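1. Let me see the structure of the following:
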Amino acid sequence: MSGSPAVVMRLVASAYTVAEKAGAIVRKVLHTGELGIVEKTGANDLQTLADRLAQQSICASLSRRFPKVTIIGEEDLPAEEIGEDLIENSQSEEILQMSCPAEYSEVKEEELVVWVDPLDGTKEYTEGLLDNVTVLIGIAYQGKAIAGVINQPFYNYQSGAGAQLGRTMWGVTTLGAFGFQLQEVAGDRRIVTTTRSHSNKVVIDCVDAMEPHEVVRVGGAGNKIIQLVEGRASAYVFASPGCKKWDTCAPEAILTAVGGTLTDMHGKPYSYHASVKHMNSAGVLATLRNHEYYLSRVPQTVAQALKSD
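-> This is a model prediction of the structure:
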């Protein structure tokens, strides 16, 4: 390769190794048994020591190498000195060797926004539902999710001794997505994945309106997008304002990179500019295919209940 890789590819290459470091931190905290749980706004909105350490690691590592990039993390943490043991300086050589899509080749550091969820599925993490847990690092340019990294710290954790624990998938829109085998739900089956712990009547009514053959209730936005791209679900339906930008930026980028779509329940895309409000107020509808069908099934009562940004 001639010249230095474009900043977008360098940022993704760093995000990849940083996400793996964060995944290792998440596993280590669980292994100690000292989770350090605090309630942020209630029993369904938790923060653990793993959330705090993983975010410190991700944000400090990325800001050291890319000081002009805006980084927004889920956890509201006090400013403090970050130990060198939390810093990840390496980059994925495989990603550095790949060609940057032409539309991103001239992007500057200061034009990029990184959205970080250091531990998506915290409640499930505390309950031992480890396959629901992900680390999410999303990269946005001009308000659009253009690249993302998803680490699953506990991938394969039930496969027994000798199994490779954890994996990392990544994607850049128009380049593709890597680290997993893309699959679709067989035939015309409608399998809807939705929230496990944040349900209400509006959420249930919307899922029912999709006339699903099966409903899969799991934790974590990242995990639900993985359900889509690996053929275990055909739509992710969450008719509630509970999701945030750091939940959807990385997953949306990977989904878009394989031809999928993520919008609010009105069919409008979310913006990931640094100045936007963090809440995804009008819910989340994500599909690998047939987005218009699922959008057409959203009841008017649900649409009225969710105000679009």
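
2. Next one: the residue lying closest to Ala305 once chain neighbours are set aside from His278, what distance?
-> Distances taken as Cβ to Cβ, 6 or more residues apart in numbering place Val202 nearest to Ala305, at 5.0 Å, with adjacent residues excluded. Yep, even glycine has a C-beta here, placed from its N, CA and C like the rest. Plainly put, Val202 is 21 Å away from His278 if you go by Cβ to Cβ, to the nearest Å.

3. what about those two, which has more around it?
-> Between Val202 and His278, counted using other Cβ atoms under 10 Å, Val202 has the larger neighbour count: 19 against 13.

4. which SSE is that one in?
-> helix 201-209 (DSSP states H and E).

5. helices or strands next to that helix in the packing?
-> The elements that helix 201-209 packs onto, with contact taken as 3 or more Cβ pairs under 8 Å, 6 or more residues apart in numbering; DSSP states H and E, are strand 191-195, strand 235-238, helix 300-305.

6. Now that helix: average pLDDT?
-> On average, the pLDDT along helix 201-209 is 93.

7. export the helix or strand following it as CSV, just CAs?
-> Per DSSP H and E, the first helix or strand lying C-terminal to helix 201-209 is strand 214-218. What follows is strand 214-218, C-alpha atoms only, in CSV (Å, rounded to 0.1, in the frame of the first residue of the first chain):
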residue,chain,number,x,y,z
GLU,A,214,-41.6,-16.2,16.4
VAL,A,215,-40.5,-13.6,18.9
VAL,A,216,-36.9,-13.7,20.4
ARG,A,217,-36.5,-11.6,23.6
VAL,A,218,-32.8,-10.9,24.3
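
8. Parallel or antiparallel, list what pairs with strand 214-218.
-> strand 191-195 (parallel) (DSSP bridges).

9. what's the spacing between Gly23 and Val302?
-> 35 Å.

10. The two: which has the busier surroundings?
-> Between Gly23 and Val302, counted using other Cβ under 10 Å, Gly23 has the larger neighbour count: 26 against 23.

11. Next up, the contacts around that one.
-> By Cβ atoms under 8 Å, 6 or more residues apart in numbering, the contact set of Gly23 is Val135, Asn151, Gln152, Pro153, Gly166, Thr168.

12. before we move on, which element is it in?
-> Counting by DSSP H and E, Gly23 is found in helix 7-32.

13. hmm, back to that, least confident pick among the contacts of Gly23?
-> pLDDT is lowest at Gly166 among these; the value there is 93.

14. And it, how far from Asn151?
-> Per Cβ to Cβ, Gly166 is found 7 Å from Asn151.

15. Equivalent analysis for Ile95, please.
-> 14 Å.

16. Tell me which of these two has more neighbours.
-> Neighbours per residue, other Cβ under 10 Å: of Ile95 and Asn151, the larger number sits with Asn151, 30 against 22.

17. how about the more buried one, secondary structure?
-> Three-state assignment for Asn151 (DSSP: H, G, I helix; E, B strand; the rest coil): strand.

18. can you tell me which residues contact it?
-> Counted by Cβ under 8 Å, 6+ apart, Asn151 has contacts Ala19, Glu20, Ala22, Gly23, Thr134, Val135, Gly166, Arg167, Thr168.

19. who's it bridged to?
-> Residues in beta-bridge contact with Asn151 (DSSP bridges): Val135, Thr168.

20. Work out the gap between the helix holding Gly23 and the centre of the chain.
-> 13 Å (Cα atoms, centre = their mean, to the nearest Å).

21. pLDDT averaged over it - what is it?
-> The predicted model gives helix 7-32 an average pLDDT of 96.

22. If you count neighbours, what's buried in that helix?
-> Buried residues in helix 7-32, counting neighbours by 16 or more other Cβ atoms under 10 Å, are found at 7-27, 29-30.

23. With stretch 187-207 instead?
-> 190-196, 198-199, 202-203, 206-207.

24. With that, I have no additional questions.
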